[in-house]
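Engineer: Quick one, fold the following:
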Amino acid sequence: MEITIYTDGASRGNPGPGGYGVVLLAGKYRKELSGGFRLTTNNRMELLGVIIGLEALKKNESRVTVYSDSSYVVNAVEKGWVFSWEKKNFNKKQNSDLWKRFLKVFRKHKVRLVWVKGHSNIPENERCDALAVEASEKSDLPPDEGYESRFRENPLFDTKTE
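Structural biologist: Residues are numbered from 1 along each chain as shown. Coordinates of the predicted model:
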């Protein structure tokens, strides 16, 4: 069975509170997922949405098409950049914690990523956007440890570089 996943990420400020939204479709089945963090970036939430969608799959070797409006995520995979980054141990690459997590789950399935234009009336993409924004607006959001740990490691870290 072909599985379709739509994903989106949002950040109110970049960095700022952020969230991701996911819609999984398989035959007659539909599942929506979302989550948020108190301080993160848009790119992290875009990537995390894809990861969460793939991690939700119960059977390995699934055929999956992921639709995302993130050229950052789609190009990194479809143009092979992430595999080059991996060979160099993600040296000086942003979001290496998430890219490593992505590759682990990506390799369990047969995944194709497709870029879609955001805010272009694609119903499932619009739903993901709404889920991501809603998640980012919740109170008492948890920390994005992968992002915030960089501040602890280097207090001079420039948050505007992503």
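Engineer: Which residue lies nearest the spatial centre of this protein?
Structural biologist: In the chain, the residue lying closest to the centroid (C-alpha atoms, centre = their mean) is residue 47, at 2.1 Å.
Engineer: Could you name the specific helix or strand carrying it?
Structural biologist: If you go by DSSP states H and E, residue 47 is part of helix 42-55.
Engineer: mind listing what's buried in that helix?
Structural biologist: 42-54 (16 or more other C-beta atoms under 10 Å). Yep, even glycine has a C-beta here, placed from its N, CA and C like the rest.
Engineer: Would you agree the residue nearest to the centre of the chain is in contact with residue 18?
Structural biologist: No - counting by C-beta atoms under 8 Å, residue 47 does not reach residue 18; the two are 11.3 Å apart.
Engineer: Mutual contacts of those two, please.
Structural biologist: Residues touching both residue 47 and residue 18 (C-beta atoms under 8 Å, 6 or more residues apart in numbering) are residue 9.
Engineer: just the buried residues of helix 42-55 now: which is nearest residue 85?
Structural biologist: Of all the buried residues of helix 42-55, the one with the least separation from residue 85 (C-beta to C-beta) is residue 47, at 12.6 Å.
Engineer: Quick one: residues contacting that closest one.
Structural biologist: Residues counted as contacts of residue 47 (C-beta under 8 Å, 6+ apart) are 9, 70, 72-73, 95, 98-99, 102.
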